[in-house]
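Output the structure for:
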Amino acid sequence: MKALKNIAILLLSVAFFNGCDIDAYPEGATVTEDQKRDIIEGTPGRLSADVNGLFAGMTLYAAIYDFAGSTRHNDYGIPAISHLLDTSGEDIIGIDGGYNWFRGSMKYTDREPTSNETYLIWSTFYNLIKSANDILNTVEAETTVDLLKRYRGQAYATRAFCYLNLVQIFQFTYAGHENDPAVPIVTESMSVESLSENPRASVKEVYELVMSDLEEAFKLLSGWKREAKNMYDQNVLYGLRARANLLMQNWQAAADDAQKAMDGYRPYTLAEVSKPTLNSATSDSWIWAVLITEENDVVKSGIINWSSHLCSLTGNGYTTLVAAWKTINNKLWAKIPDTDIRKSWWIDEDISSKLVDGQIVGGEPIEDYFGWPPYANVKFGPYQDIPDNTTNAQDWCLMRAEEMILIRAEGLAMSGNIAAAKTVLEDFIKNNRDPDYTVTATTPEAFQDEVWFQRRIELWGEGFSFLDVLRLKKPVERIGTNFPPACLYNLPAESGIFLYRIPEAEINVNDGISVDQNNPSFPIPVP
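Numbers count the residues shown, from 1 in each chain. I've put the predicted structure just below:
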């Protein structure tokens, strides 16, 4: 019989209770599983480190590749996965050179089952799932301790978040693919034997687990006020369910959930986005975030963090130090009206932007100091809003009010209420981005495309663009743009190369998935 189902489980199979330090009495006697549960019931705070590990696991410094024997500079957790997905599409562009650690995703050379990126995605999410399952195994479902109920709620929510991502990355979107194979489901009740022979669950089965886990989390987190924005609460749960309902085309449910997710939050104002921003969870726009401090390993690493690869105003990053800029597709940029402040989220052809013009850094005009090329982004602000700050401790946004507004607008339109959708979208854009904005779409499909356009602009660089290509069954069109020459090709909707493939390491230890049951291999695109 083969070992546990994946390397993530092997890595973490003994870590959980060691973190609680309750595996042995001082005399060295072994503690049984029942005794561990009794200890946790009596002193629930002893589990807090493991619950905090769910949040810390979202952004770990070289957690995957250090184990594999090498450190890679695109190994920093969920923000890295968001970035590699974005660079797989048509909206965010990197250089075709060694300093762009995401060029494999941009060129689709990372879709093989042995690629570092496939391993990063798989291990990051299944590590988090393993941690969540450990908590569910340790805390009795019947617990009456409020704190332990909250811990179980965080675990269920974490697992739902992970599977909602995995199902989109390893199989095409829900609609039309409900019965296609997705990823193996691992729950807290599974035995070692079942883990070692665990086939790919269908897309529908994965979504059923996501919705079931969210429902459990809703019950367990009801009435609870979280301590920080990296934790799950009712707003985050509504937001996650809004995403799932949008993917399943439950349009009205998506709109309703998105509205509830926004309760207590508001979009960035026009004034707030008239300078580089998107760098702190203190914003009233941010519903959920990865909180990053100066003490995080990704920050102490210097350049192995999201801002090093994405922020054009850092004093210590691949962007500003070696000109590995992240730019916008020039065709997309050209479509943004001049009256929309978001056009200035990127440097124009004259190396100018309203967000930064007139600033002096190091005794030079800011554009000369950094040496930006056309279309480089200045959307993401530096740490503490100080240009050239060498500390990369900006938070990473996982969910904000603007995304929920756009989900609500799309959900209303696709459920047939275009008038209400028009009001939602126009109120947001006119009051916060472009005073001259009006919606011209008159059909649900045209309105959906308009919302997609707004998502491409508003959520640029935040990990949504390629997943939207998959969800909406859109092609990737790069010909005639500012992509590097080796990437100038168009790909049809649902091209086979879009999907990542199950890692070889998983297939080697899981009898439930054979080589021929993996996603098929496709030729790497050529211009």
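
only C-alpha atoms for contact and neighbour calcs from this point on.
OK.

Mind checking the pLDDT average for stretch 78-89?
Stretch 78-89 comes out with an average pLDDT of 98.

Return the alpha-carbon coordinates of it using PDB.
Extracted in PDB, the C-alpha atoms of stretch 78-89 (Å, rounded to 0.1, in the frame of the first residue of the first chain):
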ATOM      1  CA  ILE A  78      -1.300  32.600  -1.900                       C
ATOM      2  CA  PRO A  79       0.000  35.900  -3.200                       C
ATOM      3  CA  ALA A  80       2.400  34.000  -5.500                       C
ATOM      4  CA  ILE A  81      -0.300  31.700  -6.800                       C
ATOM      5  CA  SER A  82      -2.500  34.800  -7.500                       C
ATOM      6  CA  HIS A  83       0.400  36.300  -9.500                       C
ATOM      7  CA  LEU A  84       1.200  33.200 -11.500                       C
ATOM      8  CA  LEU A  85      -2.500  32.800 -12.400                       C
ATOM      9  CA  ASP A  86      -2.700  36.500 -13.500                       C
ATOM     10  CA  THR A  87       0.400  36.200 -15.700                       C
ATOM     11  CA  SER A  88      -1.300  33.200 -17.500                       C
ATOM     12  CA  GLY A  89      -3.800  35.500 -19.100                       C
END
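
what's the offset of it from the middle of its chain?
In terms of CA atoms, centre = their mean, to the nearest Å, the centre of stretch 78-89 is set 8 Å apart from its chain centre.

list the buried ones in that stretch?
The neighbour-count check on stretch 78-89 (16 or more other CA atoms under 10 Å) flags 78-89 as buried.

export those residues to a markdown table and tack on secondary structure?
Listed next are those as a markdown table, based on DSSP: H, G, I helix; E, B strand; the rest coil:
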| residue | secondary structure |
| --- | --- |
| Ile78 | helix |
| Pro79 | helix |
| Ala80 | helix |
| Ile81 | helix |
| Ser82 | helix |
| His83 | helix |
| Leu84 | helix |
| Leu85 | helix |
| Asp86 | helix |
| Thr87 | coil |
| Ser88 | coil |
| Gly89 | coil |
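
Pipe the residues you listed into TSV and attach distance to Ala157 per row.
Output for those, formatted as TSV (distance: CA to CA, whole Å):
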residue	distance to Ala157
Ile78	15
Pro79	18
Ala80	21
Ile81	19
Ser82	19
His83	23
Leu84	24
Leu85	22
Asp86	24
Thr87	27
Ser88	27
Gly89	28
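
Report the two of the residues you listed separated the most.
The most widely separated members of the buried residues of stretch 78-89, counting by CA to CA, are Ile78 and Gly89 (17.6 Å).

List just the nearest of the buried residues of stretch 78-89 to Asn52.
Using CA to CA, those come closest to Asn52 at Ile78, 15.7 Å.

right, and that closest one touches Met58 too?
Yes: with contact defined as CA atoms under 8 Å, Ile78 and Met58 form a contacting pair (5.3 Å).

so what sits against both of the two?
Common neighbours of Ile78 and Met58, using CA atoms under 8 Å, 6 or more residues apart in numbering, are Thr124.

Which strands and helices lie in contact with the host helix or strand of Asp50?
Element membership of Asp50 [criterion: DSSP states H and E] is helix 48-56. If you count contacts as 3 or more CA pairs under 8 Å, 6 or more residues apart in numbering; DSSP states H and E, helix 48-56 packs onto helix 15-20, helix 116-138, helix 146-169.

residues near the closest residue to Asp180 other than its chain neighbours, how many?
Counting by CA to CA, 6 or more residues apart in numbering, Ser202 is the residue found nearest to Asp180 once chain neighbours are left out, at 5.3 Å. For Ser202, the count of nearby residues is 21 (other CA atoms under 10 Å).

Now do the contacts for the residue positioned nearest the centre of the chain.
Centroid check for the chain by CA atoms, centre = their mean gives Ser82 as the closest residue, at 4.6 Å. Applying CA under 8 Å, 6+ apart, we find Ser82 in contact with 462-464.

Likewise for Lys260?
235, 238-239.

hmm, back to that, please report which of the contacts of Ser82 has the highest neighbour count.
Most surrounded of these: other CA under 10 Å gives Gly463, at 21 neighbours.

Strands of the protein, residue ranges please.
92-93, 286-290, 327-328, 360-361, 364-365, 396-400, 476-477, 490-491 (DSSP state E).

which stretch among these comes nearest Thr114?
Once the strands of the chain are compared by CA to CA, strand 490-491 is nearest, at 23.2 Å.

Redo the helices and strands packed on helix 48-56 as CSV? Include distance to Gly264 and mean neighbour count.
Shown next, in CSV, are the helices and strands packed on helix 48-56 (distance: least, CA to CA, whole Å; neighbours: other CA atoms under 10 Å):
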stretch, distance to Gly264, mean neighbour count
helix 15-20, 35, 16
helix 116-138, 28, 23
helix 146-169, 20, 23
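
can you tell me which of these comes nearest to Asp434?
Nearest of the helices and strands packed on helix 48-56 to Asp434, taken as CA to CA: helix 146-169 at 31.9 Å.

what packs against the closest one?
The contact analysis (3+ CA pairs under 8 Å, 6+ apart) places helix 146-169 against helix 48-56, helix 116-138, helix 203-221, helix 234-247, helix 465-471.
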